[in-house]
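Participant: Next come a sequence and a model predicted from it.
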Amino acid sequence: MLGNFRPFRFVPRSLPMDRRQFLVASASGLAGLTSTGASLLPGAESISRGNGPAKSTILFFLCGGASHIDTWDMKPKAPLEYRGPFQPIETTAPGIQLCEHLPLLAKQAHHLAIVRSIDGTVNTNDHHGGYYHNLTGHAPDQSFVTLGNNRTPLPGDWPFLGSVVASRVPGNGDLPNAITLPYKPSRAPYTRPGQFAARIGVEHDPLYVHAEHETPQQFQAPSLVLEGGISADRLTDRYSLLREIDVAKRQFEQSPSASLLAKHQDRAISLLMSSQTTSAFDLSHESPETRARYGETVNGMSLLVARRLVEAGVPFITVFWKTDLNRLGKKCRSGGGWDTHGNNFGCLKEDLLPEFDRGFSALIEDLAQRGMLDETLLMVTSEMGRKPRIGDPRSGGESGAGRDHWTYCLSDLLAGGGIQGGQAYGQSDKYGEHPAEQKVTPAHIAKTVYHAMGIHDLTAYDSLGRPYNLLDEGEALTSLF
């Protein structure tokens with residue numbers, strides 16, 4: 001459960017701001033108190049908000065680069081060195097086939113729309129660029145080439161699509177509008193760009209909630225910790241004193257940094273004092289049967305928490321597939337996720353696909369049974385697909401049975417939130433190497449999410465009050481609705 005929160009402290013102007021003052025400590029450490037000066041204002045109050053079919057979005061991001069050709073864009077007629085040993089199976093959607101190792105998802109395929117023609121090309125063909133492209137809708141700039149994995153998130157980056165949604169739609173007042181779990185990819189200092197609010201302001205960063213493989217039902221926000229036996233009543237007293245001090249510091253309060261700090265203080269206190277905060281993450285309220293249906297792994301339990309957060313009114317929830325280096329690193333020649341440089345088929349069949357199949361099919365089924373699917377958009381994506389030609393030099397070539405990076409073609413899954421299920425959009429070529437029909441980019445997918453959430457105006461303003469568009473490229477795939 002969420003717990004062990006830390007209260008905020010007032011810091012005089014002469015001292016540097018402690019990054020623990022922020023609700024999202026990790027993001028604040030990257031962007032600081034200031035951004036590039038961009039804003040959703042003026043005019044934000046006139047923006048059309050939340051009038052789409054979806055009230056919430058759950059983004060399930062398969063960290064590492066999921067193989068499209070071995071899952072939902074199979075090529076059974078391609079040569080063996082492309083198609084591999086997996087066989088397709090029929091599903092509840094006529095004409096839609098999935099991998100034989102996704103039997104539970106096959107029973108939910110009538111809810112799915114599969115976009116098979118995404119050109120996610122990035123100039124580095126790597127994870128850093130792939131994250132950024134698919135999480136923001138913007139192709140990475142030249143700095144990704146020159147800096148590689150040293151290209152850390154920057155305040156001037158384009159914003160994460162979840163942060164854009166969080167900034168444009170109303171929430172429930174207690175929980176943040178964007179929550180990410182069960183971790184923040186990747187380990188510092190190589191944190192993946194694209195998952196932060198960046199230029200629209202750190203106040204729209206997600207709240208990061210953590211869980212571990214060893215304790216998959218315990219979720220905790222490490223940037224909110226109460227220390228030294230401080231009770232809620234004592235916290236309230238301290239907050240009142242803080243406000244008295246703030247009133248006496250009027251000159252300080254007029255600075256942009258102090259204004260932003262006050263927003264974070266108010267947001268944190270709301271979280272700390274809300275019973276809804278803890279109950280939303282408390283899986284003891286779920287039956288043993290429900291937990292078993294999702295699979296009692298950290299990824300399965302994160303999807304179950306995501307459903308609970310939808311019930312609590314959170315507009316955007318991101319579940320980043322938590323990698324397991326200790327268990328899968330050596331086996332898959334990877335960081336423990338979907339980056340299957342070696343033993344691609346063994347890792348998918350024995351580890352990755354069964355866990356994904358159970359958890360994601362349970363989420364669809366659960367939302368549908370509760371009458372929540374029509375108002376909840378589900379999206380599965382990754383930073384890339386995998387190279388259709390089997391064999392990666394890093395694992396011994398063909399004998400290593402791995403698939404290398406491949407940003408040039410990937411597939412996304414969409415369900416709920418007004419999406420018409422049982423269909424496929426576009427297609428890749430006969431080898432699954434490139435989009436062949438109805439080619440789209442991650443910008444189209446981002447625009448589709450915005451459309452589902454009723455966000456049609458992406459105007460923002462720079463520090464001089466000049467308007468600009470948060471995403472010029474792409475258009476919503478309205479035919480899917």
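Facilitator: Perfect, thanks for sending it.

Participant: Tell me how far the nearest residue to residue 455 once chain neighbours are set aside lies from residue 217.
Facilitator: Spatially, and ignoring its direct neighbours in sequence, residue 455 is nearest to residue 168 (4.9 Å; C-beta to C-beta, 6 or more residues apart in numbering). From N, CA and C alone the C-beta is placed, and that goes for glycine too. Distance, residue 168 to residue 217, using C-beta to C-beta, to the nearest Å: 32 Å.

Participant: The two: which is more packed in?
Facilitator: Neighbours of residue 168 and residue 217, each counted by other C-beta atoms under 10 Å, are more numerous for residue 168; the result is 25 against 17.

Participant: For the more buried one, give me the pLDDT.
Facilitator: On pLDDT, residue 168 comes in at 96.

Participant: quick one, phi/psi of it?
Facilitator: Here is the backbone geometry of residue 168 (degrees, to the nearest 10): phi -110, psi -10.

Participant: Distance check, it against residue 315.
Facilitator: Counting by C-beta to C-beta - residue 168 and residue 315 are separated by 9 Å.

Participant: Within the helices and strands, which one has the one residue sitting closest to the centre of the chain?
Facilitator: Among the residues of the chain, the one closest to the centroid is residue 318, at 3.5 Å (C-alpha atoms, centre = their mean). Here residue 318, judged by DSSP states H and E, is contained in strand 316-320.

Participant: Would you mark the buried spots in whatever helix or strand comes next after that strand?
Facilitator: Scanning forward in sequence from strand 316-320 by DSSP H and E, the next helix or strand is helix 325-332. Of all the residues in helix 325-332, those buried under the rule 16 or more other C-beta atoms under 10 Å are 328, 331-332.

Participant: for stretch 197-205, same thing?
Facilitator: Buried residues in stretch 197-205 (16+ other C-beta under 10 Å): 197-205.

Participant: Would you format those residues as JSON lines with distance to residue 288, pLDDT and secondary structure included?
Facilitator: Converted to JSON lines, the buried residues of stretch 197-205 look like this (distance: C-beta to C-beta, whole Å; pLDDT from 0 to 100; DSSP: H, G, I helix; E, B strand; the rest coil):
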{"residue": "197", "distance to residue 288": "38", "pLDDT": "96", "secondary structure": "coil"}
{"residue": "198", "distance to residue 288": "41", "pLDDT": "96", "secondary structure": "helix"}
{"residue": "199", "distance to residue 288": "45", "pLDDT": "95", "secondary structure": "helix"}
{"residue": "200", "distance to residue 288": "42", "pLDDT": "95", "secondary structure": "helix"}
{"residue": "201", "distance to residue 288": "42", "pLDDT": "92", "secondary structure": "coil"}
{"residue": "202", "distance to residue 288": "39", "pLDDT": "89", "secondary structure": "helix"}
{"residue": "203", "distance to residue 288": "39", "pLDDT": "89", "secondary structure": "helix"}
{"residue": "204", "distance to residue 288": "37", "pLDDT": "93", "secondary structure": "helix"}
{"residue": "205", "distance to residue 288": "35", "pLDDT": "93", "secondary structure": "coil"}
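
Participant: Closest one to residue 187 out of those, please.
Facilitator: residue 205 (18.5 Å; C-beta to C-beta).

Participant: I'd assumed residue 184 was in contact with the closest one.
Facilitator: No - in this structure, residue 205 is not within contact of residue 184 by C-beta atoms under 8 Å, at 10.4 Å.

Participant: gap between residue 384 and residue 346?
Facilitator: Distance from residue 384 to residue 346, by C-beta to C-beta: 20 Å.

Participant: actually residue 451, sorry about that
Facilitator: Residue 451 is 39 Å from residue 346, by C-beta to C-beta.

Participant: Give me the below-cutoff pLDDT ranges for this structure.
Facilitator: 1-50, 222-277 (pLDDT under 70).

Participant: if you set the cut-off to 80 instead, what comes out?
Facilitator: 1-51, 172-174, 221-278 (pLDDT under 80).

Participant: still on that earlier bit, of residue 384 and residue 346, who's got more company?
Facilitator: residue 384 (32 against 13).

Participant: List phi and psi for that one.
Facilitator: phi -170, psi 170.

Participant: from memory it sits against residue 410, does it?
Facilitator: Yes - contact status for residue 384 versus residue 410: in contact at 5.9 Å, counting by C-beta under 8 Å.

Participant: hey, what's in contact with both of these two?
Facilitator: Both residue 384 and residue 410 are in contact with residue 120, where contact means C-beta atoms under 8 Å, 6 or more residues apart in numbering.

Participant: Near residue 391, how many other residues are there?
Facilitator: 17.

Participant: Now it. Nearest residue, chain neighbours left out?
Facilitator: Leaving out its chain neighbours, residue 391 is closest to residue 398 (C-beta to C-beta, 6+ apart), at 3.9 Å.

Participant: could you list every residue that touches that neighbour?
Facilitator: 81, 390-391.

Participant: swap in residue 133?
Facilitator: Neighbouring residues of residue 133 by C-beta under 8 Å, 6+ apart: 120, 122, 139-140, 194, 383, 407, 442.

Participant: still on that earlier bit, any chance of the contacts of residue 398 in TSV, with secondary structure too?
Facilitator: Formatted as TSV, those follow (DSSP: H, G, I helix; E, B strand; the rest coil):
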residue	secondary structure
81	helix
390	coil
391	coil
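
Participant: Can you lay out the buried residues of stretch 197-205 as CSV showing distance to residue 74?
Facilitator: Listed next are those as CSV, based on distance: C-beta to C-beta, whole Å:
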residue, distance to residue 74
197, 37
198, 37
199, 39
200, 39
201, 43
202, 42
203, 43
204, 39
205, 38
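
Participant: Which of the residues you listed sits closest to residue 460?
Facilitator: Nearest to residue 460 among these, with distances taken as C-beta to C-beta, is residue 200, at 6.1 Å.
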